[in-house]
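A.B. asks: Build me a model:
(one chain, ligands or ions: 1)
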Amino acid sequence: MNIPRRRFDTLVIGAGGSGLRAALQLAHAEAKVAVVSKVFPTRSHTVAAQGGINAALANVTPDNWHWHMYDTVKGGDFLGDQDAIEFMCRAAANVVVELEHAGVPFSRLDSGKIYQRPFGGQSRDFGGAQATRTCAAADRTGHAILHTLYQQNIRARSHFFDEFFAVDLLQDAQGDVLGALVIEIETGEPLIIEAKTTLIATGGAGQLFRTNTNARINTGDGMAMALRAGIPLQDMEFFQFHPTGIAGKGMLITEGARGEGGYLVNAEGERFMTRYAPHAADLASRDVVSRAIYAEVKQGRGCGPNADHVLLQVAHLGEEVIRKRLPGIREMAMTFLGIDPAKAPIPVYPTAHYTMGGIPTNRFGQVVVPVAHGEEVIPGLYAVGECACVSVHGANRLGGNSLLDIVVFGRAAGGHIIEYLAEHRYHRELSQAHVDAAVARLSRWERRGGGETVEGLRRELQGVMETYCGVFRSEEVLQEGLAKVLAIQARLDDVRLRDTSRVFNTARIEAFELENLVDLAVATVSSALGRKESRGAHSRVDFPERDDQHWLKHTLFYKQGNTLEYKPVRTKPLTVDTFPPTARVY
Ligand SMILES: Cc1cc2nc3c(=O)[nH]c(=O)nc-3n(C[C@H](O)[C@H](O)[C@H](O)COP(=O)(O)OP(=O)(O)OC[C@H]3O[C@@H](n4cnc5c(N)ncnc54)[C@H](O)[C@@H]3O)c2cc1C
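C.D. replies: Below you'll find the predicted structure:
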């Protein structure tokens with residue numbers, strides 16, 4: 001097959017906040033950048049981020065980056081790498097001001113400064129009073145950031161391949177990555193994009209679970225591409241369930257609703273969070289609040305005819321505050337539930353939200369893999385954003401820290417790539433053999449005759465993940481889940497695409513996405529089986545305690561043979577003292 005080729009200095013796969021922030025850095029440095037996105041860039045999931053972005057600006061209450069760092073380490077249940085966390089929290093104020101100067105229309109305080117709201121897990125003075133650290137553009141912060149970054153990229157002349165689907169990375173014999181094979185979705189035509197450096201910024205994999213807050217496109221493609229390229233995935237057992245999804249539907253009601261003063265009640269009208277987190281109550285970290293809601297429902301204090309959810313009360317904030325600070329939430333409640341939150345509470349239940357695990361990187365966004373004596377960087381390969389695991393979120397991400405992660409590490413990776421390009425000025429030859437290997441996968445869904453449909457298998461997978469790998473886990477249930485996921489993986493070969501000569505190209509894309517999801521499901525369940533302790537979002541009922549003696553380490557899952565390895569947490573920050581593990585109470 002003679003496939004057309006294009007050459008760029010850098011290929012950025014993904015046009016969410018992380019990919020666009022990196023691309024902007026590169027375009028400003030006159031690098032030739034290609035940005036590939038399977039949807040129009042401003043439809044990337046970053047657009048859906050509601051609550052805001054954390055930075056210790058101290059516009060409302062006293063604050064500093066070191067407190068933010070403490071909260072992030074504690075929020076992640078001490079599994080985060082403290083060098084990366086320090087780097088992120090120190091950079092936060094700068095990146096937010098940069099965003100403001102780039103044109104992000106943040107909400108304002110009366111003083112004219114950027115508006116900030118309190119969010120879960122935020123404290124002053126290392127665990128003291130609630131801090132107010134989340135910078136917001138009403139409840140549409142991601143929308144504001146993504147559109148601004150896109151417009152700036154257009155101005156800087158980044159080259160966009162909109163609605164192109166990346167299938168696989170292209171590698172040479174040593175495993176170095178020299179670009180990617182992509183398909184133009186509309187025509188189905190393949191294209192080879194050769195690049196001196198490749199950055200994976202493909203976002204999370206919320207579609208692993210039936211009830212989730214994620215866009216339908218969040219199928220973790222980049223993570224699965226890395227797995228197929230022999231790169232392990234780190235900490236996949238840690239998946240965040242957000243406490244306040246619209247009950248039965250899963251759409252997100254931002255933590256900002258509680259930040260503004262909203263609270264949860266059970267069927268008895270009790271504000272139950274004070275029992276679970278006496279100090280932080282409704283603003284405890286997400287894993288804590290999600291488990292509390294499960295416990296209330298399980299113990300018979302759920303609301304509604306089926307006693308299967310709790311209620312989020314915001315009416316007392318008054319119509320004006322709701323319209324000004326939470327307009328998107330109001331609209332969603334009215335559209336999907338017919339409820340005006342200024343008059344009645346919103347039924348909520350935990351919903352799958354965020355992939356803490358991902359492609360292992362260092363704080364420059366370089367992909368790092370373990371070798372016999374330590375770690376090695378894969379030259380020219382980078383990953384940032386939700387698909388990466390740097391790891392700043394550890395075992396549980398704090399609200400407002402992901403938008404921060406994507407801009408901080410997008411910018412850092414962009415900066416590092418510029419240096420790399422200065423030293424590596426020429427393209428490396430991509431041999432036909434390596435192209436052929438990737439191209440072979442294009443025909444993966446042709447000549448299919450079995451009886452499985454993509455949609456059917458995808459739903460089944462999501463149901464299995466929700467039932468067998470949800471908020472609470474145990475050896476027995478996970479083993480059963482793994483067997484089911486592996487059985488689904490085997491059935492992939494029987495997937496039938498309707499007559500391929502007539503089938504619309506998106507059907508083929510959805511089949512690729514399903515295969516990616518299945519690979520990630522195996523990674524997630526296997527990693528969850530491996531970790532025999534409870535930490536952050538990973539709750540094992542058979543190992544209810546955190547075990548720092550044996551488990552203060554990161555999981556690495558390899559596709560070859562579905563094997564696990566472990567590596568130590570980087571507990572040493574860059575300039576300050578380590579925060580040693582302590583009991584995590586809110
Ligand atoms: C509803 C919701 C609300 C949130 N609210 C907040 C919040 O208030 N604060 C906060 O900090 N975080 C929030 N988060 C989390 C945060 O928004 C995300 O983690 C973050 O925006 C992810 O950015 P990203 O750049 O990594 O990926 P995304 O924005 O998801 O972008 C991924 C990109 O990759 C592209 N892509 C993927 N696969 C392929 C492929 N195979 N080929 C080509 N292109 C591909 C997509 O087209 C897209 O452009 C929220 C998340 C959700 C779901």
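
A.B. asks: From now on I want contacts and neighbour counts done on CA atoms only, so please keep to that.
C.D. replies: Fine.

A.B. asks: longest helix of this protein?
C.D. replies: Criterion DSSP state H: the longest helix present in the chain is helix 505-530.

A.B. asks: Briefly note if that helix comes near the ligand.
C.D. replies: No: where contact is defined by C-alpha under 6 Å from any ligand atom, no part of helix 505-530 touches the ligand; the two come within 7.5 Å at best.

A.B. asks: for that helix, which positions count as buried?
C.D. replies: Using 16 or more other C-alpha atoms under 10 Å as the burial criterion, the residues of helix 505-530 that qualify are 505, 507-530.

A.B. asks: show me the contacts for the residue most central in space within the chain.
C.D. replies: Centroid-nearest residue in the chain, with C-alpha atoms, centre = their mean: E386, separated by 3.2 Å. By C-alpha atoms under 8 Å, 6 or more residues apart in numbering, the residues touching E386 are A201, T202, G203, G204, Y354, T355, M356, G358, S402, I406.

A.B. asks: How about R7?
C.D. replies: I193, E194, A195.

A.B. asks: In space, what's closest to it - neighbours in sequence excluded?
C.D. replies: Nearest non-adjacent residue to R7, counting by C-alpha to C-alpha, 6 or more residues apart in numbering: E194, 4.8 Å away.

A.B. asks: Likewise for E533?
C.D. replies: Leaving aside its chain neighbours, E533 sits nearest to F543 (4.8 Å; criterion: C-alpha to C-alpha, 6+ apart).

A.B. asks: Could you check how many residues crowd around the closest residue to R124 other than its chain neighbours?
C.D. replies: Leaving out its chain neighbours, the residue that sits closest to R124 by C-alpha to C-alpha, 6+ apart is A131, at 5.3 Å. Neighbour count of A131, defined by other C-alpha atoms under 10 Å: 26.

A.B. asks: likewise A483?
C.D. replies: As a burial measure, A483 scores 13 neighbours (other C-alpha under 10 Å).

A.B. asks: How much space separates it from the ligand?
C.D. replies: To the ligand, A483 is 27 Å away according to C-alpha to the nearest ligand atom, to the nearest Å.

A.B. asks: Where does that residue sit, in terms of helix or strand?
C.D. replies: Of the helices and strands defined by DSSP states H and E, A483 is found in helix 475-491.

A.B. asks: so what does that helix touch, helix or strand wise?
C.D. replies: helix 454-468, helix 505-530 (3 or more C-alpha pairs under 8 Å, 6 or more residues apart in numbering; DSSP states H and E).

A.B. asks: again, only this time at 6 Å
C.D. replies: In terms of contacts (3 or more C-alpha pairs under 6 Å, 6 or more residues apart in numbering; DSSP states H and E), helix 475-491 is packed against helix 454-468.

A.B. asks: Give the pairing partners of the following helix or strand past the helix it packs on; include direction for each.
C.D. replies: Per DSSP H and E, the first helix or strand lying C-terminal to helix 454-468 is strand 472-473. Here strand 472-473 is paired, per DSSP bridges, with strand 539-540 (parallel).

A.B. asks: Show residues contacting the strand it pairs with.
C.D. replies: With contact meaning C-alpha atoms under 6 Å, 6 or more residues apart in numbering, strand 539-540 is reached by F472, R473, S474, S534.

A.B. asks: Also stretch 506-525?
C.D. replies: T219, D221, A224, M236, E237, V454, L482.

A.B. asks: what about the residue nearest to A29 when sequence neighbours are not counted, neighbour count?
C.D. replies: Closest residue to A29 apart from its sequence neighbours, by C-alpha to C-alpha, 6+ apart: I418 at 7.2 Å. A count of nearby residues for I418, using other C-alpha under 10 Å, gives 20.

A.B. asks: got it, and T198?
C.D. replies: Residues near T198, counting by other C-alpha under 10 Å, number 28.

A.B. asks: Against G19, how distant is it?
C.D. replies: Per C-alpha to C-alpha, to the nearest Å, T198 is found 11 Å from G19.

A.B. asks: tell me which residues of the helix or strand bottoming out on mean pLDDT in the chain are tucked away?
C.D. replies: Sorting the helices and strands of the chain by mean pLDDT, DSSP states H and E puts helix 432-440 at the bottom, at a mean of 85. For helix 432-440, the neighbour count (16+ other C-alpha under 10 Å) marks V435, A438, V439 as buried.

A.B. asks: export those residues to CSV and tack on distance to L492?
C.D. replies: Putting the buried residues of helix 432-440 into CSV (distance: C-alpha to C-alpha, whole Å) gives the following:
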residue, distance to L492
V435, 24
A438, 19
V439, 19
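
A.B. asks: Quick check, E565 in contact with L556.
C.D. replies: Yes: with contacts counted by C-alpha atoms under 6 Å, E565 reaches L556, the gap being 5.0 Å.

A.B. asks: so what's E475 closest to, chain neighbours aside?
C.D. replies: Distances taken as C-alpha to C-alpha, 6+ apart place L529 nearest to E475, at 6.3 Å, with adjacent residues excluded.

A.B. asks: Would you check how far apart that neighbour and the ligand are?
C.D. replies: Using C-alpha to the nearest ligand atom, L529 is found at 25 Å from the ligand.

A.B. asks: do the same with V407
C.D. replies: Noted for V407: a distance of 8 Å to the ligand, by C-alpha to the nearest ligand atom.

A.B. asks: tell me which element that residue falls in.
C.D. replies: Per DSSP H and E: helix 401-423 holds V407.

A.B. asks: mean confidence score for that helix?
C.D. replies: For helix 401-423, mean pLDDT rounds to 98.

A.B. asks: Over to stretch 294-303?
C.D. replies: Stretch 294-303 carries an average pLDDT of 96.

A.B. asks: First-to-last residue distance for it?
C.D. replies: Terminal-residue distance, stretch 294-303 (C-alpha to C-alpha): 12 Å.

A.B. asks: before we move on, back to that, may I have the helix holding V407 as CSV, with CA atoms only?
C.D. replies: C-alpha atoms of helix 401-423 as CSV (Å, rounded to 0.1, in the frame of the first residue of the first chain):
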residue,chain,number,x,y,z
ASN,A,401,-5.7,19.9,39.7
SER,A,402,-6.2,18.3,36.2
LEU,A,403,-6.6,21.6,34.3
LEU,A,404,-3.5,22.7,36.2
ASP,A,405,-1.7,19.5,35.2
ILE,A,406,-2.5,19.8,31.5
VAL,A,407,-1.2,23.4,31.2
VAL,A,408,1.8,23.0,33.5
PHE,A,409,3.1,19.8,31.8
GLY,A,410,1.9,20.8,28.3
ARG,A,411,4.1,23.9,28.7
ALA,A,412,7.0,21.9,30.2
ALA,A,413,6.9,19.3,27.5
GLY,A,414,6.8,22.0,24.8
GLY,A,415,9.9,23.6,26.4
HIS,A,416,11.7,20.3,26.6
ILE,A,417,10.9,19.4,23.0
ILE,A,418,12.3,22.7,21.8
GLU,A,419,15.7,21.8,23.4
TYR,A,420,15.5,18.3,22.0
LEU,A,421,14.9,19.6,18.5
ALA,A,422,17.9,21.9,18.8
GLU,A,423,20.1,18.9,19.3
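
A.B. asks: buried set for that helix?
C.D. replies: 401-418, 421.

A.B. asks: So, low pLDDT: which residues of the stretch 351-500 of the chain?
C.D. replies: Scanning the stretch 351-500 of the chain for pLDDT under 70 picks out the ranges 447-449, 498-500.

A.B. asks: At which residues are the strands of the stretch 251-400 of the chain located?
C.D. replies: For the stretch 251-400 of the chain, strands defined by DSSP state E, counting those that start in this stretch occupy the ranges 263-265, 310-313, 346-355, 359-360, 366-371, 374-383, 388-389.

A.B. asks: So which of these is nearest the ligand?
C.D. replies: Comparison of the strands of the stretch 251-400 of the chain against the ligand by C-alpha to the nearest ligand atom identifies strand 346-355 as nearest, at 5.9 Å.

A.B. asks: the inter-axis angle of that closest one versus helix 454-468?
C.D. replies: On the basis of axes from the mean of the first three to the mean of the last three C-alpha atoms, to 10 degrees, strand 346-355 is oriented at 100 degrees to helix 454-468.
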